[in-house]
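Participant: model this:
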Amino acid sequence: MRIKVIAREARDKFARDQIVNQGAVLRIDDREYIAEVKAWAQHVPLGAIVDMVKRYPNGMLVADYVNPKMAERLRNLDVQFFDTAGNAFIRTPYHHIWVKGNRKAGVPTRLGRPRKRRAFTATGLKVTYALLRRPDLIDEPYRVIAATADVALGTVGQVIDDLAAAGLLIVERNGKRRLVRLEALLETWVERYPAALRPKLQLGYFQAPQADWWIDFPITEFGGLWAGEIAGAYYTHYLQPVVATIYMPKEKLNALIAKARLRRLVEPTYEAKMVEILAPFWDRGGNEGMYVHPILAYADLIGTGDARNLEVAQKLFDERIARYFR
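Facilitator: Next up, the predicted model:
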């Protein structure tokens, strides 16, 4: 088997954000693959990795290290990969390679850990989410952006500087700011949200008395919005929800628990009847109905790493989110 790097970055529709993500075009024998290169891959949610790789016609993960558990899940999801320790899952017309369990190699020096950027810290993610929902917001005064994202004024300037450095924002001659490559921004936001911001929002895991408890439940009476699988089912009509995810104000949590007769769980089960409740982190001034924005539902589905949810996430992207980038 011959592996050759024929381009340091994917071109045209495969172009990536080189500040955060790195890509390459590989040729293995006589077939070309678009490689998603991830240093410190274990710090990226599996669902985000799978979603990125599977967007390519022939996608492959190239990583610093893939541990045995992650290797098994990648193979089960039919995601080809190899790492610097020699672990690999590669299928070509001429070869089938499956290696796991090799110990982690030395820390890669060329790919090293990306430097911390404010745009993708917990606070910065609030700003980038506001911008993804309303791209026109980028040209508003900093104080308007800060109020919309519920962050300190100084955070906005740091986020805008980072977006400009990443090539995701341009300033035109008349001083007008404009976001570009919105899909790359979304991809990075979805990758970082489950690890950097979402854990800080957790209000608890619970078990409901029956699996369909949420049907006709008056969630808005408690200031709540359905997210995750329930929102995905609503937007795509293509999923039977198993786990109920809710974003709601903390002060109304006890009232909802009593109304729905929920029982608190010590550890999440991710099985039928489980309920996950989180605090909202965005401006709730608008009329949102009963469901979170499709972008947040998409991120929650991707973050699960579940094959069924990943399929629905792709459908949600195609039907409800892609329009934001046209």
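Participant: just list what the host helix or strand of residue 194 packs against, helices and strands only.
Facilitator: Applying DSSP states H and E as the criterion places residue 194 in helix 182-196. Judged by 3 or more C-beta pairs under 8 Å, 6 or more residues apart in numbering; DSSP states H and E, the packing partners of helix 182-196 are helix 46-54, helix 122-133, helix 294-304. For glycine as for every other residue, the C-beta is placed from the backbone atoms N, C-alpha and C.
Participant: which stretch among these comes nearest residue 218?
Facilitator: helix 294-304 (20.0 Å; C-beta to C-beta).
Participant: contacting residues around the closest one?
Facilitator: If you take C-beta atoms under 8 Å, 6 or more residues apart in numbering as the criterion, helix 294-304 is touched by 45, 47-48, 51, 129, 132-133, 186, 189-190, 193-194, 198, 227-229, 231-232, 235, 243, 245, 247, 270, 291-292, 309-310, 312-313, 316-317, 320-321, 324.
Participant: just the buried subset of those, please.
Facilitator: When the contacts of helix 294-304 are checked for burial by 16 or more other C-beta atoms under 10 Å, the buried set is 45, 47-48, 51, 129, 132-133, 186, 189-190, 193-194, 198, 227-229, 231-232, 235, 243, 245, 247, 291-292, 309-310, 312-313, 316-317, 320-321.
Participant: how much space between residue 206 and residue 213?
Facilitator: Using C-beta to C-beta, to the nearest Å, residue 206 is found at 10 Å from residue 213.
Participant: these two: who's more crowded?
Facilitator: Per other C-beta atoms under 10 Å, whichever of residue 206 and residue 213 has more neighbours is residue 206, with 22 against 16.
Participant: element containing the more buried one, please.
Facilitator: Applying DSSP H and E, one finds residue 206 within strand 202-207.
Participant: strands paired with that strand, and their directions?
Facilitator: Within its sheet, strand 202-207 is paired with strand 263-264 (antiparallel), strand 274-278 (antiparallel), according to DSSP bridges.
Participant: same question for it, mean pLDDT?
Facilitator: If you average the pLDDT over strand 202-207, you get 96.
Participant: ok now it, how far from the chain's centre?
Facilitator: Remark: strand 202-207 is offset 21 Å from the chain centroid, using C-alpha atoms, centre = their mean, to the nearest Å.
Participant: contacts for it next, please.
Facilitator: Under the contact criterion C-beta under 8 Å, 6+ apart, strand 202-207 has outside partners 248, 250, 253, 257, 262-265, 267-269, 273-279.
Participant: show me which of those are buried.
Facilitator: Buried members of the contacts of strand 202-207, scored by 16+ other C-beta under 10 Å, are 248, 253, 257, 262, 273-278.
Participant: which one of those residues is nearest residue 155?
Facilitator: Distance to residue 155 across these (C-beta to C-beta) is lowest for residue 278, with 21.0 Å.
Participant: which residue packs closest to the closest one, ignoring adjacent ones?
Facilitator: Leaving out its chain neighbours, the residue that sits closest to residue 278 by C-beta to C-beta, 6 or more residues apart in numbering is residue 201, at 4.1 Å.
Participant: any idea how far the one you found is from residue 227?
Facilitator: Counting by C-beta to C-beta - residue 201 and residue 227 are separated by 11 Å.
Participant: again with residue 156
Facilitator: Taken as C-beta to C-beta, the span from residue 156 to residue 227 is 26 Å.
Participant: comparing the helices and strands packed on helix 182-196, which yields the minimum mean pLDDT?
Facilitator: Across those, the lowest-scoring stretch is helix 46-54, with a mean of 78.
Participant: and it, what does it pack onto?
Facilitator: Looks like helix 46-54 contacts strand 31-38, strand 59-63, helix 68-76, helix 182-196, helix 294-304, helix 307-316 (3+ C-beta pairs under 8 Å, 6+ apart).
Participant: lowest average pLDDT across these?
Facilitator: Ranked by mean pLDDT, the helices and strands packed on helix 46-54 end with strand 31-38 at the bottom, a mean of 80.
Participant: and that one with strand 59-63, angle?
Facilitator: Angle between the axes of strand 31-38 and strand 59-63 is 40 degrees (criterion: axes from the mean of the first three to the mean of the last three C-alpha atoms, to 10 degrees).
Participant: next, the buried residues of strand 31-38.
Facilitator: In strand 31-38, counting by 16+ other C-beta under 10 Å, buried: 33-38.
Participant: please tabulate the buried ones among the contacts of strand 202-207 in CSV, including the columns pLDDT and distance to residue 170.
Facilitator: Below are the buried ones among the contacts of strand 202-207 laid out as CSV (pLDDT from 0 to 100; distance: C-beta to C-beta, whole Å):
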residue, pLDDT, distance to residue 170
248, 96, 38
253, 97, 43
257, 97, 48
262, 97, 48
273, 94, 48
274, 96, 44
275, 97, 43
276, 97, 38
277, 98, 39
278, 98, 34
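Participant: tell me the mean pLDDT over stretch 135-151?
Facilitator: The pLDDT scores in stretch 135-151 average 94.
Participant: next one: it to chain centre, how far?
Facilitator: 22 Å.
Participant: and the end-to-end length of that stretch?
Facilitator: Using C-alpha to C-alpha, to the nearest Å, one end of stretch 135-151 lies 17 Å from the other.
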